[in-house]
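Q: dropping a prediction and its sequence here:
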Amino acid sequence: MITINQLRENSMRYSDSQSVALIYLLKVIDECLVFDHKTVIYPKNLYCRDKSLILYIFTSDYQLIRLSYDAETVSMITRDLNHLIKSQYLISNQESQLSLMFEDEIIYLYPKMDTTSPYVKEFNSQLILICKYLQEKGK
């Protein structure tokens, strides 16, 4: 399970542009968000040094928060998951992916493309947590 504490550790481990972005995103998280044991995080593009990091945060009150960083500016977009039209989870032997379809946007979470090889299994596990979260909240 990927946690906020793991992300904090990662931000301190390296000194590249993605680590800087992660520090800014964590600062906004600390200032604006409340986490509990039901919160699930998906750090899209973590460890992909040539891509922008995006944090998707699934909150206990059925909100999806998207945090991104560009040119010293953090963007935080909140979506109500009650407006989710459809979610599609695809799984095969070594990979999985999740699509979240809204009226105006489709969000793709695809571990094989969202991180580097050593972390794909951990990201696949994170998708399972998100699927369970969506099923639990959909009741």
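A: Structure received. Numbering: from 1, shown residues only.
Q: for Ser15, see how far away the most centrally placed residue in the chain is.
A: By C-alpha atoms, centre = their mean, the mean C-alpha position of the chain lies nearest to Tyr42, the distance being 2.2 Å. Tyr42 is 24 Å from Ser15, where distance means C-beta to C-beta, to the nearest Å. No exception for glycine: its C-beta is placed from N, CA and C like everyone else's.
Q: what of Lys38?
A: 33 Å.
Q: more crowded one of those two?
A: Lys38 (13 against 8; other C-beta atoms under 10 Å).
Q: would you say that one is within a helix?
A: No. Secondary structure of Lys38 (DSSP: H, G, I helix; E, B strand; the rest coil): coil, not part of a helix.
Q: pretty sure it contacts Ile57?
A: No. With contacts counted by C-beta atoms under 8 Å, Lys38 stays clear of Ile57, the gap being 11.3 Å.
Q: buried ones in whichever helix in the chain runs longest?
A: In the chain, with assignment by DSSP state H, the single longest helix is helix 120-137. By neighbour count on 16 or more other C-beta atoms under 10 Å, the buried set for helix 120-137 is Val120, Phe123, Asn124, Gln126, Leu127, Ile130, Cys131, Tyr133, Leu134.
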